[in-house]
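1. generate coordinates for the sequence data below:
(chains A, B, C and D)
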Protein chains: 2
Amino acid sequence: MFAALGDGTRLWLLAKLNRGDRFSVSQLTEGSKLTRQAITKHLRVLERVEVVRAIRSGRERLFELNPAPIAEMKQYLDQISAEWDEALGRLKSFVED
Amino acid sequence: MFAALGDGTRLWLLAKLNRGDRFSVSQLTEGSKLTRQAITKHLRVLERVEVVRAIRSGRERLFELNPAPIAEMKQYLDQISAEWDEALGRLKSFVED
DNA sequence: GGCATGCGCAACCTAAAGGTTGCCTTTCTT
DNA sequence: AAGAAAGGCAACCTTTAGGTTGCGCATGCC
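-> Alright, predicted model coming up:
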């Protein structure tokens, strides 16, 4: 999941899909300096971790964002910082004693 | 940042540091099947994005977690899902009209 | 039917990521 | 003072990630 977002091009794709519109592969390729194939590969990566979802309409594949795994990730980060805060709390009360 | 967390070993390291304790390189290497050098490299990656911080004490380098960039990342994800929710809202009111 | 459009598949290339090994320096211990 | 413990550095290897090119297959349009 983190790895899927750990690439500039893919973050850029997410940004394009962010407004809630659906885009075809060719549309997503526009303005990217990369080949359609490259974009396809990136989309495949995003698809595998389900942060993006494709529905085919005729000869096109329209991609849209899927918010669920993003929420999951936030939870994970919340957990990390919560445990960290707790640890800081323990340290503080230890120092104060 | 995402890329830095996009590796199993590094997530594992973060998990070890998560309780708020400080660990030396050797300590972090224990139980990991990898060489000390490999761990060092991973730590360097985490250090570069500042999710981890090292302080040297004698001949050791003690690593600790730095919560700030994690919070930053959460904010970023919040922004994504907020914009997505907003888009869904627009869609909903459009359908209802 | 015939041609353009939108994609997928496969082969291939190159650079970078992940790992190991060997050796050297610094610090601690006794 | 000498040896052990903790690390850093550099060279090297192997796999994977990111990209391109060429071709083939549907779908849409006239």
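2. who in chain A is up against DNA strand C?
-> Along chain A, the residues adjacent to DNA strand C under the rule Cβ under 7 Å from any atom of the strand are A:24, A:25, A:26, A:27, A:36, A:37, A:40, A:59, A:60, A:61, A:62. Just so you know, the C-beta spots here come from the backbone N, C-alpha and C atoms, and that holds for glycine as well.
3. could you dump those residues into CSV and include distance to DNA strand D?
-> Output for the residues of chain A next to DNA strand C, formatted as CSV (distance: Cβ to the nearest atom of the strand, whole Å):
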residue, distance to DNA strand D
A:24, 12
A:25, 12
A:26, 12
A:27, 15
A:36, 7
A:37, 4
A:40, 8
A:59, 4
A:60, 8
A:61, 11
A:62, 12
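4. so which of those residues sit within strands?
-> With strands taken from DSSP state E, the overlap with these comprises A:24, A:60, A:61, A:62.
5. before we move on, the earlier item: if any of the residues of chain A next to DNA strand C are buried, give me the ChimeraX selection for them.
-> Buried residues among these (16 or more other Cβ atoms under 10 Å in any protein chain shown), as a ChimeraX selection:
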select /A:24,25,61,62
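6. that older thread, quick one: which of the ones in strands among the residues of chain A next to DNA strand C is nearest chain B?
-> For those, the residue nearest chain B by Cβ to the nearest Cβ is residue A:62; the value is 14.5 Å.
7. what is the helix or strand harbouring residue A:78 packed up against?
-> Remark: residue A:78 resides in helix A:68-96, with elements defined by DSSP states H and E. In this structure, helix A:68-96 packs against helix B:68-96, with contacts taken as 3 or more Cβ pairs under 8 Å, 6 or more residues apart in numbering or on different chains; DSSP states H and E.
8. and the helix it packs on with helix A:68-96, angle?
-> 140 degrees (axes from the mean of the first three to the mean of the last three Cα atoms, to 10 degrees).
9. for chain A, which residue gets nearest to DNA strand D?
-> Closest to DNA strand D within chain A is residue A:58: 2.4 Å, counting by Cβ to the nearest atom of the strand.
10. what score does residue A:69 have for pLDDT?
-> We have a pLDDT of 90 for residue A:69.
11. doesn't residue A:47 make contact with it?
-> No - using Cβ atoms under 8 Å as the test, residue A:69 is too far from residue A:47 to be in contact (11.3 Å).
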